[in-house]
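[1] The following comprises the amino acid sequence and a computationally predicted model.
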Amino acid sequence: GAYATQFITNATQKMTILSDGNVGIGTTNPLYKLDVNGGTADTGIVTRSSDADSGIAFVDSGTTGDTKVQVGARSDDLFFVSGGAINMYMKSTGNVGIGTTAPGALLELGDVAGVAGKGQLFINGQNAVTDGLYVDRTVANEYAWFNDQSGIATIGTRGGAAAHGVLRLVSTDDGTTLST
C-alpha cells in the first residue's frame, strides 16, 4: 500500500507528504502538489523578501528566461508581471495602472514608446448602434459618447430624457461633419 510521511508537533499532525508527491500543510489529505489550509486564518501563504519586491512566479514549459508571469507586492501595492515587465499595477489607494507603475487616477492607461497597443482602450462590442465608450458624470449631466460603428462622437449635456449634444462629430464615407 501507499504510505504518507507525516510531520507531527505537540501530538498534532502539521504536514503530510503523500506517496504521489502531494504536500499538505494544515491538511492530512492534500489534493495538489502544494495544498495549504490555513484554518480560520485569512492568510494561508506569506512570501517575504529582503528587497523591495516579493512575489509568486508562474512558469510553464513555454516560459523562457525571465519572461515569467508573476504576482507581487511592493510596499502596500500589488503588481502583475508578464513578458518580463510590470504590466499592471494597483496602488494601495485603489488606483490601477496598465502600462504605468504610478497611476494617478482610478484607472490610468500608460504609454510605452514603440510598443503598439499601449495607451489604448479598445472596446469590442457586438451591437453596432449602442456599443462604444460612454463616459457619464451624472451629477452635472455631462457626457461623452464615442461609437466607431456609427461614426459618431458626441460631447454634451442631458436635459430630461433627451440628449442635447453640444458638439457632435459625424464621420461618413462622404467626409466628416461637425455640428452643434
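    In hand now; what should we look at?

[2] pLDDT wise, what is residue 141 at?
    Confidence at residue 141, expressed as pLDDT, is 59.

[3] hang on, I meant residue 104
    In this prediction residue 104 is given a pLDDT of 89.

[4] Confirm that it sits in a helix.
    No: assignment of residue 104 by DSSP: H, G, I helix; E, B strand; the rest coil gives coil, placing it outside any helix.

[5] count of neighbours near it?
    10 (other Cβ atoms under 10 Å). C-betas here are computed from N, CA, C, even on glycine.

[6] and the nearest residue to it once chain neighbours are set aside, what does it touch?
    The shortest distance from residue 104 to any residue other than its chain neighbours is 6.8 Å, reached at residue 95 (Cβ to Cβ, 6 or more residues apart in numbering). Residue 95 is in contact with 103-108, counting by Cβ atoms under 8 Å, 6 or more residues apart in numbering.

[7] Just among these, which is most surrounded?
    When the contacts of residue 95 are compared by neighbour count (other Cβ under 10 Å), residue 103 ends up highest, at 22 neighbours.

[8] got any ranges where this structure has weak pLDDT?
    By pLDDT under 70, the low-scoring segments of the chain are 1, 66-67, 111-180.

[9] can you give me the helices in it?
    In order along the chain, the chain carries no helices (DSSP state H).

[10] do you know how far the residue nearest to residue 104 is from residue 55?
    20 Å (Cβ to Cβ, to the nearest Å).

[11] One more: residue 16?
    Counting by Cβ to Cβ, the gap between residue 16 and residue 55 amounts to 27 Å.

[12] The two: who's more crowded?
    Set side by side, residue 16 and residue 55 show more neighbours around residue 16, with 20 against 16, by other Cβ under 10 Å.

[13] Wait, the more buried one touches residue 23, no?
    Yes: using Cβ atoms under 8 Å as the test, residue 16 is close enough to residue 23 to be in contact (7.2 Å).

[14] if I look at the two, which residues touch both of them?
    Common neighbours of residue 16 and residue 23, counting by Cβ under 8 Å, 6+ apart, are residue 30.

[15] Tabulate the CA atom coordinates of stretch 82-91 in PDB.
    Extracted as PDB, the C-alpha positions of stretch 82-91 are listed here (Å, rounded to 0.1, in the frame of the first residue of the first chain):
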ATOM      1  CA  SER A  82       4.200  39.200 -17.800                       C
ATOM      2  CA  GLY A  83       6.800  39.100 -20.600                       C
ATOM      3  CA  GLY A  84       9.400  40.200 -18.000                       C
ATOM      4  CA  ALA A  85       7.900  43.600 -17.300                       C
ATOM      5  CA  ILE A  86       5.300  45.000 -14.800                       C
ATOM      6  CA  ASN A  87       2.200  45.400 -17.000                       C
ATOM      7  CA  MET A  88      -0.400  46.100 -14.300                       C
ATOM      8  CA  TYR A  89       0.000  47.900 -11.000                       C
ATOM      9  CA  MET A  90      -2.600  48.600  -8.200                       C
ATOM     10  CA  LYS A  91      -1.700  51.200  -5.700                       C
END
